[in-house]
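[1] Dropping a prediction and its sequence here:
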Amino acid sequence: MEAIASAIDFSPSSPAYLMALNLIVIGLVLSAFALGISRVLGSRKLWSWGVEELAQSLINAALVGAIVGFGTLAATTMGSLADSSDFSNCAHFEKAQNSPIAYSLCSIEDLQQKSWDILDGANEQAFSLGVLSSIELSFSVVRASPFSSLSNSAQNYSQWAQNISFILSALEINRQFLFFIAQSAFSLFLPIGLLLRMFFATRKLGGALMAGAIGFFMVYPLLYSAFVSGNSSISEPYKQAFSDLDLLSQTVSFAPAIDWGKEPNMSLVFSSLQGKQLMEKVSIPYKSVSEFIGAASAYAILYTIICFLLTLVCVKELSSLLGSEFRLDLFEKV
């Protein structure tokens, strides 16, 4: 947690900011040398190169300042969108000054915990209903399976458990991607991008790396945070699904613990289930669990894809801008 909190820091005192500042200073010094030597040697090509590098260094400085300003604005925006009490136990949100990437991580981990709760309930009911549906009573010439109709319900709960497992996998992919961005975007890709932008041959590659770092570190988590802010569309279905599954559990959870070899125990099962409208209670969680799975799927898959595509568009446009040449004709004529 400590590593993530420090990695997403791009304040003026952070290592990533100081590294970017040093690269800008190096670029300014190189351009100054080039301009001075070109005057001495009378080299117009060296003068043009020095002017270009000076312009790129100034642009890099403006970009770093804009990134710091955008980060501050994003933190302020998160402060208005997010309620820190929602993530009182989330170390990312507490230590990262309400940054979008911290809010996204906390949102994902909160949804993961909710999904695990519903998954446990669905698995428990699938097992209990499966046990009940397999009960077979044998008399002298007659065999009966009084709860065989519950097999379909057991399959439904099992299928829901599989769906939630898929949602958990999608959430973990997004979570690991955000971890990678938090650790590498500004500490690795941004300084390398600044370095490559200092040279003509690698300027487009440097611009692409910088655009990717800015887009996926700032734009992507900010978009995702805007989609999931409030979290109301998932909280209510979760509470209802958890309550419904708990109610059903109180009705059928005893089934796997029964010793079916003893006749008094079988009588206990029938007497406890008699008059409780078992099928009605089995079907009660259907609506709430389905709503939870739908809402969780939107958070884990739909919103992620939309944010990723929008970020790619932003990165593409920003890459074209940062990788282009900025020639100052005014300086070339001096």
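    Structure's in. What do you need? Numbering: from 1, shown residues only.

[2] quick one, what contacts residue 288?
    Listed by CB atoms under 8 Å, 6 or more residues apart in numbering, the contact set of residue 288 reads 237, 240-241, 243-244. All C-beta atoms are positioned from the backbone trio N, CA, C, and that covers glycine.

[3] Stretch 167-176: how far from the chain's middle?
    7 Å (CA atoms, centre = their mean, to the nearest Å).

[4] for that stretch, which positions count as buried?
    167-168, 170-171, 174-175 (16 or more other CB atoms under 10 Å).

[5] cool, and stretch 306-321?
    307, 311, 314-315, 318-319.

[6] Using a markdown table, please lay out those together with secondary structure, distance to residue 107 and pLDDT.
    Formatted as a markdown table, the buried residues of stretch 306-321 follow (DSSP: H, G, I helix; E, B strand; the rest coil; distance: CB to CB, whole Å; pLDDT from 0 to 100):
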| residue | secondary structure | distance to residue 107 | pLDDT |
| --- | --- | --- | --- |
| 307 | helix | 12 | 93 |
| 311 | helix | 17 | 94 |
| 314 | helix | 21 | 90 |
| 315 | helix | 22 | 91 |
| 318 | helix | 25 | 86 |
| 319 | helix | 28 | 86 |
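
[7] of all those, which two lie farthest apart?
    Spatially, the most separated pair among the buried residues of stretch 306-321 is 307 and 319, at 18.0 Å (CB to CB).

[8] Looking at the buried residues of stretch 167-176, which two lie furthest apart in space?
    It's 167 and 175 that sit farthest apart of these, by CB to CB, at 12.3 Å.

[9] any idea how far residue 172 is from residue 226?
    Per CB to CB, to the nearest Å, residue 226 is found 22 Å from residue 172.

[10] Residue 165 too?
    11 Å.

[11] Residue 288 too?
    Relative to residue 172, residue 288 is positioned 24 Å away (CB to CB).

[12] Most neighbours of all the contacts of residue 288, which one?
    Counting neighbours by other CB atoms under 10 Å, the top entry in these is residue 241, with 25 neighbours.

[13] Please work out the average pLDDT along the helix or strand harbouring residue 61.
    Assigned by DSSP states H and E, residue 61 belongs to helix 44-81. For helix 44-81, the mean per-residue pLDDT is 74.

[14] tell me what that helix is packed against?
    helix 15-41, helix 100-133, helix 190-197, helix 203-214, helix 220-228, helix 329-332 (3 or more CB pairs under 8 Å, 6 or more residues apart in numbering; DSSP states H and E).

[15] what about the chain, any weak spots by pLDDT?
    Flagging of the chain using pLDDT under 70 yields the residue ranges 1-17, 71-72, 74-98, 137-147, 230-232, 253-277, 325-334.
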